[in-house]
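*Asks:* what's the 3D shape of this:
(one chain, ligands or ions: 1)
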Amino acid sequence: MGDDRSAYQPFALPGARPHYGPDKLVAVEEIALDLVPDLERESLDGCCTTTVRAFDQPVTRLSLDAVDLDVSSVERVEPGAAPRGVGFVVRDGKLDVTFDPPIAPGERATFAVRYRVVRPRYGLFFVRPTASHPEKIAHAWTQSQDEFARYWFPCLDYPHEKQRSTTTITAPKGTFALGNGALVERAERDGKTVFKYRQDVPHSTYLMTMVAGPFVEVAQGNAGRNGVPVFYYVLPGRERDGERAFGKTPQMIACFEERTGMPYPYARYSQIAVSDFIFGGMENTSATTQTDRTLHDETAHLDFSSDPLVAHELAHQWFGDLLTCRDWSHAWLNEGFATFMEAVWREADLGYDEYVYDVFECLSIYLKEEAHRYVRPIVCNTYIAPIEIFDRHLYQKGAAVLHMLRGELGDARFWRSVARYVRENAQRSVETIDFIRAIEGETGRNLRGFFAQWVFREGHPALEIRYAWDATRNVATVTIDQKQPVEAQHPVYEFDVELAFAPKPDSIEGERRIRAHVGRAHETIAVPLEFEPRLVRFDPGAFLLADVTYALGPDLAAAVLLGDPNVVARIRAARELAKDSGRTAREALERAFASEHFWGVLAEAAHAVGASRSPWGRDLLIGALAHTHPKVVRAAADALGNFRDDDVASALEATSRDARSYFVRAAALVSLGKTRAARAFEVLTAAARARTWNSVVEAGALRGLAELADAKAMPLLLEASAPAKQEGTRRAAVASLARLASLVESERTRAVDAIERLLDDESFLVALDAIAAAESLGDERLLTGLDRVAGQGIDGRIRRHAMEAAMRIRKGAKVPSQVTALRDDIDELREQQRRLQEKIEALARP
Ligand SMILES: [Zn+2]
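*Replies:* As a prediction, the model looks like this:
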């Protein structure tokens, strides 16, 4: 599904409406939580004491957010007076508290709410050993973003509200509990351990946290200018995995302090790794919750790193926690920045190539969402649930905008502007205009037009770049065509771009750079030169947020692939060359595979070469399986899935057996399945029984089994989807069920039944994958289940994906079901064409 969609698919689903933050009757000054979690009974006894100050009107009634809280009393707490019960009503997710006499304008009031939470639906999660997973260790964690704090304490649950907080947690003796801010007390009391945390810098309710369980504390020393103590917490036995995952945190703190110009703002920094987490990480102020899936062994560490996740959540301590989006529509100021800072850390740690490739990956991820799902402005307030906008536009496109801004302003002015933005808005709520004003204040640049085009408007330019040299007049011509649909709502993009011309193909020595303005759908830039350029560079810093395709011709593309210092240019050249079957192109790619020093270029080149399905490409990729970088090998193994022949199967089988990297083995197994070689079934069945970190290898084997298009894999996939299996295994099984059923019509009903059941799975990620599987299978029998989940699912992401899947299935239902079969025929014909081409080449050889 999804190939036949029109351009500019709208984001808003039926029922979406514009959202604005609520009015304020009061400012909340402080929240004090007194919490007693019961890990056995999955309950929480709480007392929430809130201090508010009335705005300019007397307040007789305050309506707090509170869902499924069993409230037993509300008392007014006055200094020097006995607590006094006040009236309250609980209904429809609200706790209405009555003040008699009213709180006078400008006056303070403090009130305490006693409540109990039993087996909460959301916000507070209990992990317990179960019949199918007896290995699980009991603990509890909260997840308050975006508006779920109300499931575990009564509050004004909106990001613009910022207050100080105190969190006192009474935990079973010998266990640990984490809250926000400084640990001010740790005491044994009545056979229990009491932890008291104090957060003096005001923060939003969605950043408040409580985690409790038998965690092991690992101190990482002091970091940054103020020597802030850094810790991580893992469940017993995971200490060394924790070091691998979180070991670089102190260096990251120093790096981000330097970049933002602002010392780490809180009393301590902790990361705590919990089970069954529904996100990668959550940047709770000073106390990040991380998924325990990120804890990894030495083998995984070959080509997996937790650094992006760790950097992301740490960056939020500035962008999100200290400066908080005023409402969710501006959440890119949280997520775009945090994603961008992942790349910034990569630059500091591994160098500029890694940075620029990270941003390029962000751009690719955003482009995929735009092509397959929808398009929306980065700032957008029309949704059903706020979590819907936490998508690839918010994170990855947001990061790509910041990179482009870095190019627009230049390094020094960019970072000075960021520092000013942080300094001027610390402890405040921010909207995009605050950032624009900080840039203007620092540099004098008025970037309202830039933000209008890239942040407040949807879409991006799709550019095709051509080049010609006029030898009679000594003029180089670069043509830039905007290929995206241009219409009244989506006018042509306007931007400045650099072009560079160098006299030698393998060096930028003597390079001539110009800055050109692009403002038309078909832009021709003619540059008189005193030499014929041998290397031509479009946007040499790779700053532009655009889907760029080169059509430079093989000679120039080869020069760029082998000589351009920017990895993004080399990738674009490789993509152009991979579509070309001529000798210049082949030789350039072969040389690149022998000499290219950056793995990302070869990984992208491998994918492009694979997509070409050419015989020489196959040989090149088989050769790349011997590359020293596991991510190049992974890409080559993946790309070999385009070839269905015996040499490929043998090479993949060997790689799946001999490689050390889990990810390489998994990629080889998937592609081995795609070859449909006779011996693959046995290899894949054996690999599906492996026991590797996060089931990476097992998952590859299951996906490979589906690709075999053989009904005998069905029982294995069904078994692997059972609740007793590891989550990673189950997730791969769900996707594989749909894949196999789309290849083997006779298995469709069994797959539909299994996917239908999994739509309501206890595991959030499995349920999400089941929705994706339902969509890819496109079977109308799944509509009832999808509609149910879209209406009743508690998580906004589940509801949104189910709704989208159901819409696409309904739309696609008109297309006959033979489409899948026809697509397979096309694959088969391509394969025949490839073999014939091979024969022709063999005959043509002298
Ligand atoms: Zn984030």
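*Asks:* from here on, contacts and neighbour counts on C-alpha atoms
*Replies:* Will do.
*Asks:* Which stretches in the stretch 651-800 of the chain count as helices?
*Replies:* 662-675, 680-687, 696-707, 714-720, 727-743, 748-758, 764-777, 783-792, 796-812 (DSSP state H, counting those that start in this stretch).
*Asks:* Using CSV, lay out those together with mean neighbour count, distance to R613 and mean pLDDT.
*Replies:* What follows is those, written out as CSV (neighbours: other C-alpha atoms under 10 Å; distance: least, C-alpha to C-alpha, whole Å; pLDDT from 0 to 100):
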stretch, mean neighbour count, distance to R613, mean pLDDT
helix 662-675, 30, 13, 98
helix 680-687, 19, 21, 98
helix 696-707, 30, 18, 98
helix 714-720, 19, 29, 98
helix 727-743, 26, 21, 98
helix 748-758, 19, 29, 97
helix 764-777, 24, 24, 96
helix 783-792, 18, 37, 96
helix 796-812, 21, 29, 95
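*Asks:* For H607, which of those is the nearest?
*Replies:* In terms of C-alpha to C-alpha, the element of the helices of the stretch 651-800 of the chain nearest to H607 is helix 662-675, at 12.5 Å.
*Asks:* what's the neighbour count on I826?
*Replies:* 12 (other C-alpha atoms under 10 Å).
*Asks:* now the host helix or strand of it against helix 727-743, angle please.
*Replies:* Per DSSP states H and E, I826 falls inside helix 818-844. Angle of helix 818-844 versus helix 727-743, following axes from the mean of the first three to the mean of the last three C-alpha atoms, to 10 degrees, is 90 degrees.
*Asks:* And helix 818-844, what does it pack against?
*Replies:* Counting contacts by 3 or more C-alpha pairs under 8 Å, 6 or more residues apart in numbering; DSSP states H and E, helix 818-844 is packed against helix 615-624, helix 727-743.
*Asks:* Can you lay out those helices as JSON lines showing distance to R116?
*Replies:* What follows is the helices and strands packed on helix 818-844, written out as JSON lines (distance: least, C-alpha to C-alpha, whole Å):
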{"stretch": "helix 615-624", "distance to R116": "60"}
{"stretch": "helix 727-743", "distance to R116": "31"}
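*Asks:* tell me the angle the worst-scoring helix or strand of the chain on mean pLDDT makes with helix 764-777.
*Replies:* Least confident helix or strand, the chain: helix 818-844 with a mean of 74, by mean pLDDT, DSSP states H and E. Orientation check (the same axes, to 10 degrees): helix 818-844 against helix 764-777 gives 80 degrees.
*Asks:* mind starting the numbering at 16 from now?
*Replies:* Yep, numbering from 16; the last one is helix 833-859 now.
*Asks:* just how off-centre is helix 833-859 within its chain?
*Replies:* 37 Å (C-alpha atoms, centre = their mean, to the nearest Å).
*Asks:* for stretch 744-759, same thing?
*Replies:* 23 Å.
*Asks:* again with stretch 612-623
*Replies:* The answer for stretch 612-623 is 22 Å, by C-alpha atoms, centre = their mean.
*Asks:* give the contact list for A621.
*Replies:* For A621, the contacting residues are L636, V647, A650, A651, A654, by C-alpha atoms under 8 Å, 6 or more residues apart in numbering.
*Asks:* And the buried ones among these, selectable in ChimeraX?
*Replies:* To isolate the buried ones among those in ChimeraX, judged by 16 or more other C-alpha atoms under 10 Å, type:
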select :636,647,650,651,654
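*Asks:* Low-confidence stretches in the protein?
*Replies:* 16-21, 829-836, 860-861 (pLDDT under 70).
*Asks:* can you give me the strands for the stretch 16-165 of the chain?
*Replies:* Using DSSP state E, counting those that start in this stretch, the strands of the stretch 16-165 of the chain run over 32-33, 41-53, 58-69, 74-80, 85-91, 99-100, 103-106, 109-118, 123-133, 139-142, 154-157.
*Asks:* hmm, I was thinking of the stretch 416-565 of the chain
*Replies:* Going by DSSP E, counting those that start in this stretch, the stretch 416-565 of the chain shows strands at 444-445, 477-485, 490-497, 510-517, 527-533, 537-543, 550-553, 562-566.
*Asks:* on that earlier part again, what angle separates the least confident helix or strand of the chain from helix 630-639?
*Replies:* Using the same axes, to 10 degrees, helix 833-859 lies at 90 degrees relative to helix 630-639.
*Asks:* So which bits of helix 833-859 are buried?
*Replies:* E846, R849, R850.
*Asks:* From D291, how far off is the last one?
*Replies:* Computed with C-alpha to C-alpha, to the nearest Å, the distance linking R850 and D291 is 48 Å.
*Asks:* could I get the helices of the stretch 666-815 of the chain as a markdown table with distance to Q72?
*Replies:* Shown next, in a markdown table, are these (distance: least, C-alpha to C-alpha, whole Å):
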| stretch | distance to Q72 |
| --- | --- |
| helix 677-690 | 61 |
| helix 695-702 | 69 |
| helix 711-722 | 59 |
| helix 729-735 | 61 |
| helix 742-758 | 53 |
| helix 763-773 | 52 |
| helix 779-792 | 44 |
| helix 798-807 | 39 |
| helix 811-827 | 35 |
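*Asks:* Ok, which of these comes nearest K854?
*Replies:* Smallest distance to K854 across the helices of the stretch 666-815 of the chain (C-alpha to C-alpha): 19.7 Å, for helix 677-690.
*Asks:* Check which helices and strands that closest one is in contact with.
*Replies:* helix 645-654, helix 661-673, helix 695-702, helix 711-722.
*Asks:* Let's see that with 6 Å instead.
*Replies:* helix 645-654, helix 661-673, helix 711-722 (3 or more C-alpha pairs under 6 Å, 6 or more residues apart in numbering; DSSP states H and E).
*Asks:* which outside residues touch stretch 607-617?
*Replies:* The contact list for stretch 607-617 (C-alpha atoms under 6 Å, 6 or more residues apart in numbering) reads I586, V647.
*Asks:* For it, list every residue counted as buried.
*Replies:* Buried, per 16+ other C-alpha under 10 Å, within stretch 607-617: A607, F608, E611, W614, G615, V616, L617.
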